[in-house]
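Peer 1: Okay, sequence plus prediction incoming.
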Amino acid sequence: NAGVMQNPRHLVRRRGQEARLRCSPMKGHSHVYWYRQLPEEGLKFMVYLQKENIIDESGMPKERFSAEFPKEGPSILRIQQVVRGDSAAYFCASSPRQGVDTGELFFGEGSRLTVL
Amino acid sequence: LAKTTQPISMDSYEGQEVNITCSHNNIATNDYITWYQQFPSQGPRFIIQGYKTKVTNEVASLFIPADRKSSTLSLPRVSLSDTAVYYCLVGDGGAAGNKLTFGGGTRVLVKP
């Protein structure tokens, strides 16, 4: 059973370009979370999605960032017109359901974005 | 979501027991306590979760006092490969889903 798959693992973009990060959750998981981690810092929640729905995007910057989790295919985190401050590791996590006893999130290996 | 406080770093030696205490004074009734481990350049990995008293698995033990305002992760007989950042989180997995809030974590360095 494959784990959470993220790609690309490394992405280099110049300022002003677009970055698209993809996440395929574990089989049977319908809940996806995106986190961002700056060097030497903890992970910061960005967005929580279920199939075709954004449940909580309170951690997403108001501009340039968007996320989707379509009925078919991976979840995508899209960053438009990237700036150097967007350079970070972006982690995707999935879980099979929500509930008080499901604190376990399964994380991918992350996508490391470098903006030149 | 309850805020957690844990030491920034801890050093240990191979074969010793490592105990990391996390404070969560405003933990809510429905909140569970969860610990994750993160190695450099990897995603966090679930270690253990508990609600009260003691929980033990093949990797660690989690001690939670009756007031639940703190918890202690215990790693028995650590090895060099246990060098990592350990995160303490609280959350109820309810309306917010499993939106767990990560703090700065505790950087554990295991020396030979």
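Peer 2: Received it, and whenever you're ready, just let me know what you need.
Peer 1: show me the contacts for A:Q17.
Peer 2: By CB atoms under 8 Å, 6 or more residues apart in numbering or on different chains, A:Q17 lies in contact with A:Q81, A:V82. To be clear about C-beta, it is placed using only N, CA and C from the backbone, and glycine gets the same treatment.
Peer 1: Quick check: B:S81 is in a helix.
Peer 2: Yes: using DSSP: H, G, I helix; E, B strand; the rest coil, the secondary structure at B:S81 is a helix.
Peer 1: Identify the residue nearest the residue in chain A positioned nearest to chain B in space, chain neighbours excluded?
Peer 2: Per CB to the nearest CB, A:F107 is where chain A lies closest to chain B, at 3.2 Å. In space, and not counting its chain neighbours, A:F107 is closest to B:G43: 3.2 Å by CB to CB, 6 or more residues apart in numbering or on different chains.
Peer 1: okay but the one you found is in contact with A:L105, surely?
Peer 2: No: the criterion here is CB atoms under 8 Å, and B:G43 misses it with A:L105 at 9.3 Å.
Peer 1: So what's the residue count around the residue nearest to A:F107?
Peer 2: Neighbour count for B:G43, taken as other CB atoms under 10 Å in any protein chain shown: 23.
Peer 1: Would you mind measuring from it to B:L73?
Peer 2: 19 Å (CB to CB, to the nearest Å).
Peer 1: Count the neighbours of the residue of chain A closest to chain B for me.
Peer 2: Applying other CB under 10 Å, I find that A:F107 has 22 neighbouring residues.
Peer 1: can you list the weak-confidence ranges in chain A?
Peer 2: By pLDDT under 70, the low-scoring segments of chain A are A:1, A:97-103.
Peer 1: need the contact list for the most centrally placed residue in it.
Peer 2: The structure's chain A has its C-alpha centroid closest to A:W34; by CA atoms, centre = their mean the separation is 3.3 Å. Counting by CB under 8 Å, 6+ apart, A:W34 touches A:C23, A:F45, A:M46, A:V47, A:L49, A:A67, A:S75, A:L77, A:Y90, A:F91, A:C92, A:A93.
Peer 1: and the one helix or strand the fourth one maps to, what does it pack onto?
Peer 2: The secondary structure element spanning A:V47 is strand A:43-50 (assigned by DSSP states H and E). Helices and strands in packing contact with strand A:43-50 are listed as strand A:31-37, strand A:53-56, strand A:65-68, strand A:75-79; criterion 3 or more CB pairs under 8 Å, 6 or more residues apart in numbering or on different chains; DSSP states H and E.
Peer 1: most packed of the ones you listed?
Peer 2: Of all the helices and strands packed on strand A:43-50, strand A:31-37 carries the top mean neighbour count, a mean of 24, counting by mean count of other CB atoms under 10 Å in any protein chain shown.
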